[in-house]
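K.L.:
For reference, the sequence and a predicted model appear below.
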Amino acid sequence: MESNPHAALTSFIDLMMDAVFAVDAHANIVFASASCERIFGYTPKEMVGKNMFDLMLPEDREITRNSVVGVMSGHPQFHFENRYVHKNGQVVNIMWSARWSPADQLRIGVARDITERKRSESLQSALYSISEAAHTAEDLLKLFQRIHEIVGTLLPVDNFSVTLYDNETGQLSFPYHVDEFLQTPDPFALIPGTFYAEIIHTGLPLLLTPETMVARLQELRISFGMNPFSWLGVPLKSHKGTIGVLMVKSYPGGVCYNEQDQELLQFVSTQIATVIERQKMQARLQYMAKYDPLTDLPNRGFLHDRLKDALSAARQGKDQLSLLYIDLDKFKQVNDTLGHGIGDLLLQETASRLRLCVSESDTVARVGGDEFVILLQGASLPEHAAQVSEKIRNAFNPHFTLEGHRLNIAASIGIALYPEHGNDARQLLEYADRAMYLAKNGNAQGRNND
Ligand SMILES: Nc1nc2c(ncn2[C@@H]2O[C@H](COP(=O)(O)OP(=O)(O)OP(=O)(O)O)[C@@H](O)[C@H]2O)c(=O)[nH]1
C-alpha cells in the first residue's frame, strides 16, 4: 500500500487554529484543513469541490475578485478581509493571507476567523455613536431615530419603541414606535400584569424567548395583536425611578434576542434616560427663568420680552396695545395681621381672578410683591383698556375667603396706551406705574376705597 509522504505535514496543518486552503484559478477548493469546520461549519470533505465565491457573502464578491486578480498577478495578500456565510446561516468575518503558486496553479490561503474582533469593534463604534448622539441631541424624536439606526447596525430591530411612563397619571405614551404590524398606540393606562408593568414596577429588564413567551402570553390573557416571537424590554431609569421602557421585538421568522442584546439595550436606555432628564431640567430652568413660582404668572423679564414683541408688531401697524399696572391696596396689612402664608394665598387668588378678566392672547404678569401688569394686545382702544380695568375692579368685589378669613381687598390700576403714552417698553411701564400711583393716592379715577 502506498503511503502518503505528506501525511505528517497534513496532520500538523490540521492542528492549526487557522484554516489552510488551496484553490484553483477558478476559486474551486482543492484542499481545506480541519479548522475550516470550526470556522465555516463544513468539514474539509464537504468543502473540497465547492467554489469559494459561493460560500461568500454576495456583497463581498466584487472586492474579493479584485483582490484575487492582484494575488494571481504576483502580489501576495497579508490582511485581506471578507465575509462568508457559516453553515448555520451566521455571517463570519475572515482575514486572509494568500499567495499564488504558478508552479502548482493554485492559490494558497490561510483564513483567520475575526468575527469576534469585528463584532466588538462594531459594538464599540456603535456605543460611541450612541453617546455622541445623546450628547448632541436637540430633539428627542431625532435622537430615537438615530439610536434606532445605530442599534440596527448591530442587530435586527424591525420593531423598536420608546415608551414613557407618567408616574402621576399612570399613563404610558409612545414617543417613538416602529412596528411591522401595530400602529402607534394612543396613550393608555399601564395595565397590571403586562410586560411593561413588570419592567416599570421591578425596574429590571425582561427578555422573552420563544420558549418562555408562550407561557407568559397565556398567563397574561391579553392580546395586543400579533404575538411576538421574541421580546426584549429594558427600563429607562431616572433618579426618580423607572420613567419608561425601551423595547425591541421580533415576530415569527425573526431573530431571537439574547443577553448580549439586553446589555446593549441597557447601555442605550441609560443614554436615552440621561437625555430625557437633561431636557426636563432645561425645560424646568427655562420655566423658572420666565415664570413667577408663586402664581405661575409670567415674571417681569418675560413680560418685557412679550412687550417688546408686541411693540414691534404694533410699530408695523399689525397690532395695538395697552398696559394696565395693578397694585393691591394695603396688602402689607394682610401679611402683618394674618401672616405671610395668607398673603401668598391672596396673591395666588388675585392671579387667578386677573387671568379671568382677559383673553388668552393677553399677558398677565407678576412684576413685584403685590404688583401685576396686564398687556392687552390687539386692542389699544382706550375704551377696551377701561373696560378691562372695570372688570378687574369688579373681580375684586366678591370678598376673598382664605383659610376661613374673609378679606375685602381692592386694587389700584393705572393705564398706558401705545403710542399715546410712550414709544417703548420703559416709557409705557413708567407711565402706567405713575398712573397707578396717582390712582392710589386718589388723584385720578381708579382710586379705591382707602
Ligand atoms: N405674602 C407675601 N408678601 C410679599 C411677597 N412679596 C412682597 N411681599 C410683601 O408685599 C408688601 C408690598 O408692600 P406695599 O405695596 O408697600 O404694601 P401695601 O400695604 O399694599 O401698600 P399700598 O400699596 O400703599 O396700599 C410688602 O410688605 C412685602 O413684604 C410675597 O411673595 N408674599
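P.N.:
Cool, the structure landed.
K.L.:
For the stretch 251-400 of the chain, which residues are neighbours of the ligand?
P.N.:
Taking Cβ under 6 Å from any ligand atom as the criterion, the stretch 251-400 of the chain approaches the ligand at residues 294, 327-333, 335, 340, 343-344, 347, 369-370. The way it works is simple: take the backbone N, C-alpha and C, and place the C-beta from them, glycine included.
K.L.:
So which of those residues are in strands?
P.N.:
Of those, the ones assigned to strands by DSSP state E are 327-328.
K.L.:
Quick one: buried ones out of the residues of the stretch 251-400 of the chain next to the ligand?
P.N.:
327-329, 331, 335, 343, 347, 370 (16 or more other Cβ atoms under 10 Å).
K.L.:
Am I right that Thr401 sits in a strand?
P.N.:
Yes - the assignment for Thr401, made by DSSP: H, G, I helix; E, B strand; the rest coil, places it in a strand.
K.L.:
list the contacts for it?
P.N.:
Thr401 makes contact with Leu407, according to Cβ atoms under 8 Å, 6 or more residues apart in numbering.
K.L.:
and the residue nearest to the spatial centre of the chain, what is it in contact with?
P.N.:
With distances taken as Cα atoms, centre = their mean, the residue of the chain nearest its centroid is Leu140 (3.4 Å). Going by Cβ under 8 Å, 6+ apart, Leu140 touches 175-176, 275-276, 279.
K.L.:
Give me the pLDDT value at whatever residue of the stretch 101-250 of the chain ends up closest to the ligand.
P.N.:
Distance from the ligand to each residue of the stretch 101-250 of the chain (Cβ to the nearest ligand atom) is smallest for Glu168, at 26.8 Å. As predicted, Glu168 sits at a pLDDT of 91.
K.L.:
And the one 10 residues further on, by the same measure?
P.N.:
Note on Val178: pLDDT of 96.
K.L.:
Now the residue lying closest to Ile94 once chain neighbours are set aside: which helix or strand?
P.N.:
Among residues not flanking Ile94 along the chain, Ala111 sits closest, at 4.9 Å (Cβ to Cβ, 6 or more residues apart in numbering). Ala111 belongs to strand 106-113 when assigned by DSSP states H and E.
K.L.:
again with Ser359
P.N.:
Per DSSP H and E, there is no helix or strand for Ser359.
K.L.:
what's the distance between it and Leu376?
P.N.:
9 Å (Cβ to Cβ, to the nearest Å).
K.L.:
Could you do Ala7 as well?
P.N.:
Counting by Cβ to Cβ, the separation of Ala7 from Leu376 is 102 Å.
K.L.:
okay, these two: which has more neighbours?
P.N.:
Neighbour totals were compared for Ala7 and Leu376, and Leu376 leads with 25 against 9 (other Cβ atoms under 10 Å).
K.L.:
per-residue pLDDT, that one?
P.N.:
So, for Leu376, pLDDT stands at 93.
K.L.:
wait, is it part of a strand?
P.N.:
Yes - using three-state DSSP, the assignment for Leu376 is a strand.
K.L.:
ok, it touching Ala310?
P.N.:
No - in this structure, Leu376 is not within contact of Ala310 by Cβ atoms under 8 Å, at 9.2 Å.
K.L.:
Which residues are in contact with each of these two?
P.N.:
Common neighbours of Leu376 and Ala310, using Cβ under 8 Å, 6+ apart, are Leu321.
K.L.:
returning to what we had before: buried set for the strand holding Ala111?
P.N.:
Within strand 106-113, the residues that qualify as buried are 106-113, counting by 16+ other Cβ under 10 Å.
K.L.:
That strand - which strands sit beside it in the sheet, and in what orientation?
P.N.:
Under the criterion DSSP bridges, strand 106-113 sits next to strand 19-23 (antiparallel), strand 91-101 (antiparallel) in its sheet.
K.L.:
next one: that strand to chain centre, how far?
P.N.:
Centroid displacement of strand 106-113 relative to its chain, using Cα atoms, centre = their mean, to the nearest Å, is 47 Å.
K.L.:
possible to save the strands paired with strand 106-113 as JSON lines with distance to Ala134, mean neighbour count and mean pLDDT?
P.N.:
Converted to JSON lines, the strands paired with strand 106-113 look like this (distance: least, Cβ to Cβ, whole Å; neighbours: other Cβ atoms under 10 Å; pLDDT from 0 to 100):
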{"stretch": "strand 19-23", "distance to Ala134": "41", "mean neighbour count": "21", "mean pLDDT": "96"}
{"stretch": "strand 91-101", "distance to Ala134": "28", "mean neighbour count": "18", "mean pLDDT": "94"}
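K.L.:
Could you provide those strands in JSON lines, with additional columns for distance to Pro210?
P.N.:
What follows is the strands paired with strand 106-113, written out as JSON lines (distance: least, Cβ to Cβ, whole Å):
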{"stretch": "strand 19-23", "distance to Pro210": "33"}
{"stretch": "strand 91-101", "distance to Pro210": "22"}
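K.L.:
Tell me which of the ones you listed approaches Pro235 most closely.
P.N.:
Among the strands paired with strand 106-113, strand 91-101 comes nearest to Pro235, with 31.2 Å by Cβ to Cβ.
K.L.:
for the stretch 101-250 of the chain, what spans make up the helices?
P.N.:
Here the stretch 101-250 of the chain has its helices, by DSSP state H, counting those that start in this stretch, at 115-136, 140-151, 195-202, 210-220.
K.L.:
Output the longest one as CSV, nothing but the C-alphas.
P.N.:
It refers to helix 115-136. What follows is helix 115-136, C-alpha atoms only, in CSV (Å, rounded to 0.1, in the frame of the first residue of the first chain):
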residue,chain,number,x,y,z
THR,A,115,-15.8,37.6,13.7
GLU,A,116,-15.5,38.3,17.5
ARG,A,117,-13.0,41.1,16.9
LYS,A,118,-15.2,42.6,14.3
ARG,A,119,-18.3,42.3,16.5
SER,A,120,-16.6,44.1,19.4
GLU,A,121,-15.2,46.8,17.0
SER,A,122,-18.7,47.5,15.7
LEU,A,123,-20.1,47.4,19.2
GLN,A,124,-17.5,49.9,20.3
SER,A,125,-18.2,52.2,17.4
ALA,A,126,-22.0,51.9,17.9
LEU,A,127,-21.6,52.7,21.6
TYR,A,128,-19.5,55.7,20.7
SER,A,129,-22.1,56.9,18.1
ILE,A,130,-24.9,56.4,20.6
SER,A,131,-23.2,58.5,23.3
GLU,A,132,-22.3,61.1,20.7
ALA,A,133,-25.9,61.2,19.5
ALA,A,134,-27.1,61.6,23.1
HIS,A,135,-24.7,64.5,23.8
THR,A,136,-25.7,66.4,20.7
